[in-house]
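Novice: make a model of this:
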Amino acid sequence: MSKIVKDPAEVSGKPQKSKKHRVSRKKGGGEKIIPIIEKIIAVVLVLTVVYFIGKPFVNNSGLIERSVTVAKVGGQKFKAPLFSYNYRDLYYRLFSQYAQYYSYGIDVGFDVKKVPSENPYKATEDELDQAPEAASWKTWADWMTNQTILNMRRTWALYAEAGLTEGTTDVTNVVDITNADPSVPSATSVENRTLPFAALSDEEKAEIDEQIQSIRDSNKEQNVTVNAALARNYGPGFTEKELRQQLAYDILTQRLVAGKLAEFKATYNDKKLTELYNEDLVDYGRLDYYTFVEKPALREQRKATEKVKAETDEEYAKYKTAELAKFKKSVEDTTKKLTDLKAFLAGAERVGKAAADDPKTYKFDPDTYLKARADGQGLNAITDKNDAEKAAVEHFHSDAATWGFNTARKVGDVKVFYGADDSANYVYILRTVYPFVPATVREIVIETVADSADTTAAELAIGQVATAKDAEKKAKDVLAIYNKGKKTAEAFGELAKGNSSGETATEGGVVLVSSSITRDAKYLAWALDPARKPGDTTTIAVGTSVYVLYYEKTEKAEYFDNIGTTKSQEDYEKWEKALLEKDEFKLKINETWAKFISKRIEKDLKKNVLPRYVSSLQEPSNGGLDLSSLLGGG
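Specialist: Model prediction:
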């Protein structure tokens, strides 16, 4: 680089008189650039160096994020690093959920191959009612920005409430750091005597330490520090300190929520729960019934051909009315013949065979038409034209559900309900409405792993045998040993530990037969028989396995817990809504900074995160379904 010769005026500090300020002539004819241009060049050079070296440093250091407040709740400031963490965490969860839909070819109105800011968003009616500003949300990024801040406000409000109401932890001499970032706590640090860490139990602190250590271990081979890993996944400025703080908030708020739910649930005694059960049998009761569907044989509206004119709408409507009248007359005649279960199943077989692709090879299976222990949603699905508008209402009960769950029903009652598509839905009551009562049983599972006598005993695990015949013999032998012993639940459990291949064998084979369990129909029929008594035993063959069963006890009706859980959740939601409406939790969003930071996040997601995520996508294997209208945002 050539040496820069300074102007005399610049050296002396005194102005030099000259008629020409742009160029000065020296002896020898040389020209010299004057100081103003030299300074501009120097500044440009410095700025260029600063831009290319300083910009990445500023972007990656978190200086911007740490200095930015995206929102306030009372006096609490929400800084950009925690906003970025919560925004990205929300995105990662959404991507995981919608990627699964994508793999099945289901369109939910969110393109997982694009970042949120590139996905258009349409607010739902509920969102517009609750937040008028939702009308301005153009993309999923707009929704996520708003939702992230609302999530942060909720967490802070619950944490603050927990700090005011919880007295389970000794926080003597605690300094409340409601407006300060806590330092990374250690076993001996003063930060462990400050909130939120002072309110944590030793087990909860250990839980946080374990999560931090797992991050450290998973990045050790790549020689990446915890802070670097967090910055890569959650943005600049988000360090171990912020993560510990966020995890502490999460633990304390979850503890408060669990406590409040338990508090509300305790207000519902058995008498009140039974009253609520009887008031809403459709939602909480059970019903065993058979059902089959018969559809009218309607042709399509005729289109114009060379020989025939197109059928007008009026002509087709007239044809359809006449055909439906004939169909309903036929249905009425059929219903009169359904006098018992045998006749009902015969009707189901006739309709099934007529609708089969190949009636000659059709095989009738009555279990296909049995809806055992069904709740009201099955009959609620049968909605006629009059029900259609009401079906959008919460806790909607169709005419079919109202009829089926009425306490006036009797076994053998039959009724037909016409669906919105004019199909006839035949319903036969097998067992009238009843509360589902779970049962605790113990099981010993004898499993056939190879139907061959060549399999040696050394190749078999506990509870496994070589042939189906061996399974039957072993089941009888085990039951015989039980009958010769003390004949108690504990004695049966000991036999399960040494003879069963079941999942709960090590716990004595204990199984709770609830409404959600998956077991063979014969197994369930035995276990849930109202006449069953403690100490009853049996053996049941299911496929290649044989179950030895012991009936231990009848549990409390399921509706007690279901209704208590539902009602306590409703009470909690009302309580939380009132909490967030308090003045101290009033939300003030800095729209400018919130949008600025979300754009920075979106830019990073698109460049560094989305490519990795998209490369791991499982491509759909079918044409797919469009559910966007059901899920919002589509």
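Novice: quick one, phi psi at residue 462?
Specialist: Dihedral pair for residue 462: phi -60, psi 130, per degrees, to the nearest 10.
Novice: can you tell me the SS state at the nearest residue to it once chain neighbours are set aside?
Specialist: Using Cβ to Cβ, 6 or more residues apart in numbering and skipping the chain neighbours, the partner closest in space to residue 462 is residue 501 (6.3 Å). In short, each C-beta sits where N, CA and C put it, glycine included. What DSSP: H, G, I helix; E, B strand; the rest coil gives for residue 501 is coil.
Novice: hmm, residue 501 is touching residue 445, no?
Specialist: Yes. Using Cβ atoms under 8 Å, residue 501 is in contact with residue 445, at 5.0 Å.
Novice: overlap in contacts of these two?
Specialist: Residues touching both residue 501 and residue 445 by Cβ atoms under 8 Å, 6 or more residues apart in numbering: residue 463.
Novice: packing partners for the helix or strand in which residue 496 is found?
Specialist: Counting by DSSP states H and E, the element that carries residue 496 is helix 489-499. Judged by 3 or more Cβ pairs under 8 Å, 6 or more residues apart in numbering; DSSP states H and E, helix 489-499 is in contact with strand 439-448, helix 468-484, strand 545-554.
Novice: out of those, nearest to residue 590?
Specialist: strand 439-448 (56.2 Å; Cβ to Cβ).
Novice: burial of residue 94, as a residue count?
Specialist: 18 (other Cβ atoms under 10 Å).
Novice: coming back round to it: neighbours of the residue nearest to residue 462, how many?
Specialist: Neighbours of residue 501 (other Cβ under 10 Å): 17.
Novice: now residue 437: closest residue in space that isn't a chain neighbour?
Specialist: Closest to residue 437 by Cβ to Cβ, 6+ apart is residue 557, at 5.1 Å.
Novice: ditto for residue 614
Specialist: residue 113 (5.4 Å).
Novice: please state the offset of the next helix-or-strand element following the helix holding residue 496 from the chain centre?
Specialist: Toward the C-terminal end, the helix or strand that comes next after helix 489-499 (DSSP H and E) is strand 510-513. Remark: strand 510-513 is offset 26 Å from the chain centroid, using Cα atoms, centre = their mean, to the nearest Å.
Novice: which residues in the stretch 1-150 of the chain form helices?
Specialist: For the stretch 1-150 of the chain, the helices defined by DSSP state H, counting those that start in this stretch occupy 8-12, 35-61, 63-67, 80-103, 125-130, 140-165.
Novice: following the last one, which helix or strand shows up next?
Specialist: To tie it back to what came earlier, the one meant is helix 140-165. By DSSP H and E, the next helix or strand past helix 140-165 is helix 202-218.
Novice: got the angle for the helix or strand that that following helix is followed by vs helix 202-218?
Specialist: Scanning forward in sequence from helix 202-218 by DSSP H and E, the next helix or strand is helix 226-234. Here helix 226-234 runs at an angle of 80 degrees relative to helix 202-218 (axes from the mean of the first three to the mean of the last three Cα atoms, to 10 degrees).
Novice: now for the nearest residue to residue 449 once chain neighbours are set aside, how many residues are close by?
Specialist: Nearest residue to residue 449 in three dimensions, chain neighbours excluded: residue 464, at 4.8 Å (Cβ to Cβ, 6+ apart). Residue 464 sits with 21 neighbouring residues when counted by other Cβ under 10 Å.
Novice: contacts only, for residue 464.
Specialist: With contact taken as Cβ under 8 Å, 6+ apart, residue 464 is in contact with 446-449, 501.
Novice: just residue 605 next, same as before
Specialist: Per Cβ under 8 Å, 6+ apart, neighbours of residue 605: 88, 91, 115-116.
Novice: who wins for neighbours among those?
Specialist: residue 116 (26 neighbours).
Novice: hmm, residue 146 and it touching each other?
Specialist: No. With contact defined as Cβ under 8 Å, residue 116 does not reach residue 146; the gap is 11.8 Å.
Novice: give the contact list for the closest residue to residue 434 other than its chain neighbours.
Specialist: Counting by Cβ to Cβ, 6+ apart, residue 286 is the residue found nearest to residue 434 once chain neighbours are left out, at 5.6 Å. Listed by Cβ under 8 Å, 6+ apart, the contact set of residue 286 reads 373-375, 433-436, 515.
Novice: for residue 266, state which of the residues you listed is nearest.
Specialist: Using Cβ to Cβ, these come closest to residue 266 at residue 435, 21.3 Å.
Novice: where does the stretch 301-450 of the chain dip in pLDDT?
Specialist: 392-394, 450 (pLDDT under 70).
Novice: what about the helices in it?
Specialist: 313-337, 341-355, 377-380, 385-388, 399-404.
Novice: just checking, what packs against the second one?
Specialist: Which is helix 341-355. So helix 341-355, by 3+ Cβ pairs under 8 Å, 6+ apart, packs with strand 286-294, helix 313-337, strand 424-434.
Novice: send me the last one as PDB with only the CA atoms.
Specialist: Read it as strand 424-434. Output of strand 424-434 as PDB, limited to C-alpha atoms (Å, rounded to 0.1, in the frame of the first residue of the first chain):
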ATOM      1  CA  ALA A 424     -81.000 -45.800   8.000                       C
ATOM      2  CA  ASN A 425     -79.100 -46.500  11.200                       C
ATOM      3  CA  TYR A 426     -80.700 -49.500  13.100                       C
ATOM      4  CA  VAL A 427     -79.900 -49.700  16.800                       C
ATOM      5  CA  TYR A 428     -80.600 -52.700  19.100                       C
ATOM      6  CA  ILE A 429     -80.100 -52.300  22.900                       C
ATOM      7  CA  LEU A 430     -78.000 -55.100  24.300                       C
ATOM      8  CA  ARG A 431     -77.400 -53.700  27.800                       C
ATOM      9  CA  THR A 432     -79.000 -50.500  29.100                       C
ATOM     10  CA  VAL A 433     -77.000 -47.500  30.300                       C
ATOM     11  CA  TYR A 434     -74.600 -48.400  33.200                       C
END
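Novice: next, count neighbours for residue 72.
Specialist: 15.
Novice: list the contacts for the nearest residue to it once chain neighbours are set aside?
Specialist: Take residue 72 and drop its neighbours on the chain: the residue closest to it by Cβ to Cβ, 6+ apart is residue 588, 4.8 Å away. Shown in contact with residue 588 (Cβ under 8 Å, 6+ apart): 71-73.
Novice: make CSV from these and add distance to residue 247 to it.
Specialist: Formatted as CSV, the contacts of residue 588 follow (distance: Cβ to Cβ, whole Å):
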residue, distance to residue 247
71, 21
72, 23
73, 20
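Novice: and those residues as CSV, adding pLDDT and distance to residue 486?
Specialist: Output for the contacts of residue 588, formatted as CSV (pLDDT from 0 to 100; distance: Cβ to Cβ, whole Å):
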residue, pLDDT, distance to residue 486
71, 93, 66
72, 92, 68
73, 89, 63
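Novice: out of those residues, which sit inside strands?
Specialist: Mapping the contacts of residue 588 onto strands (DSSP state E) picks out 71-73.
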